[in-house]
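> the following comprises the amino acid sequence and a computationally predicted model.
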Amino acid sequence: MEWLMTEETRNGTLVLEFILEGYPVAEHLKILFFLLHLLAYLASLMGNMLIITITCVDHRLQTPMYFFLSTFSFVECCFITTAIPQLLTIILSGRQKIPFGVCFSQAFVYLVVGATGFFLLAALSLDRFLAICKPLHYPTIMSPRMCFLLVTVCLFLGFLFMASPVVMLSKTFYCGPNIIPHFFCDFGPLANLSCSETRSIEMLFFTLAVIVLFASFLIAIFAYSNIVVTIVRLPSARERQRAFSTCSSHLIVLSLMYGSCAFIYLKPKQRSRVDTNREAALVNMVVTPLLNPVIYTLRNKQVHQALRDALSRLQLHRYQRRKAPFL
């Protein structure tokens, strides 16, 4: 964590740790609030892990689209794990202390993983565009090597765009107070606590956030607008319905993610009200990752069939194991 600490912090004279205030909850509702978020967290993990598992075990789902979906599910698991376990701890124990370097490391991982998720959605949009609008060229273009390359580029771009503002903010002067009115270390609350002039860093972060959100959003809009035009021209009503069903799922996820993140981060001045950001972050961190696997599985017949086949194989395997001792 040495690279994340300021000169003043290394000298031991200023802020060495932050205190996460958490989310305001009435005392008699703490247990209920804890259980609800614990169930949502476990359901999100299980749902996203289900997508990853079923993609790996069923050869029919080993296609570029499901490769991107399973990678996105893995990123979602990492995304919620950066903050939700901490939120659960804060709900039970109250305020929580977090070391200076760990706090900035959490902000770094959260923002890099989040940006990577948006680039993955853009890659998924391009995959759908090629599959529907350029079906003859699709197998050649979307080779396994190209899919792996796109995922690598998404991760690299997420790191490239989010690393510099977090590192620059970590090197500013923190003289107190050290209470963060949030349930995890995010860029805005940390910028609010800095005693240095952070306007240039906030503007840099705002610019990079705009680039990440709007670049991936424009790619998605380009892809799906062309997809809609192509779908309308399809001769078969069944083909149109199938294509619309797949794309509408992706568009729902896009709307949820872009809406919440635009509300939180697309503000030139990060010293805005943190309360509203905290509520939006809760939606972005809890609700959206929970809905993603539900949207993708409930509206996808291929996943339904793959799950049914997997359950049938599991039941057959258990039956054979019970019958084995008598053979």
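Structure's in. What do you need?
> tell me the phi and psi of residue 198?
Note on residue 198: backbone dihedrals following degrees, to the nearest 10 are phi -110, psi 10.
> meant to ask about residue 63
Main-chain dihedrals, residue 63, degrees, to the nearest 10: phi -120, psi 170.
> kindly report the same for residue 185.
Dihedral pair for residue 185: phi -90, psi 110, per degrees, to the nearest 10.
> same question for residue 177.
The phi/psi pair for residue 177 (degrees, to the nearest 10) is phi -70, psi 170.
> quick check: mean pLDDT of the helix or strand where residue 40 lies?
If you go by DSSP states H and E, residue 40 is part of helix 30-57. The average pLDDT within helix 30-57 is 88.
> got the buried residues for it?
By 16 or more other C-beta atoms under 10 Å, the buried positions in helix 30-57 come out as 33-34, 37, 40-41, 44-45, 47-48, 50-52, 54-55. In this view, the C-beta of every residue, glycine as well, is placed from N, C-alpha and C.
> for stretch 89-106, same thing?
90, 91, 96, 98, 100, 101, 103, 104, 105, 106.
> what about that stretch, how long is it end to end?
15 Å (C-alpha to C-alpha, to the nearest Å).
> neighbouring contacts of that stretch?
With C-beta atoms under 8 Å, 6 or more residues apart in numbering as the test, stretch 89-106 has contacts from 1-2, 4-5, 9, 15-23, 25, 30, 33-34, 37, 82-83, 86, 166, 169-170, 174, 179-180, 183-185, 190.
> ok, residue 151 to residue 217 distance?
19 Å (C-beta to C-beta, to the nearest Å).
> could you do residue 22 as well?
Look at residue 22 and residue 217: by C-beta to C-beta, they are 31 Å apart.
> for residue 261, same thing?
Residue 261 is 10 Å from residue 217, by C-beta to C-beta.
> with adjacent residues omitted, what lies nearest to residue 288?
Excluding the flanking residues, the one nearest residue 288 by C-beta to C-beta, 6 or more residues apart in numbering is residue 256, at 4.7 Å.
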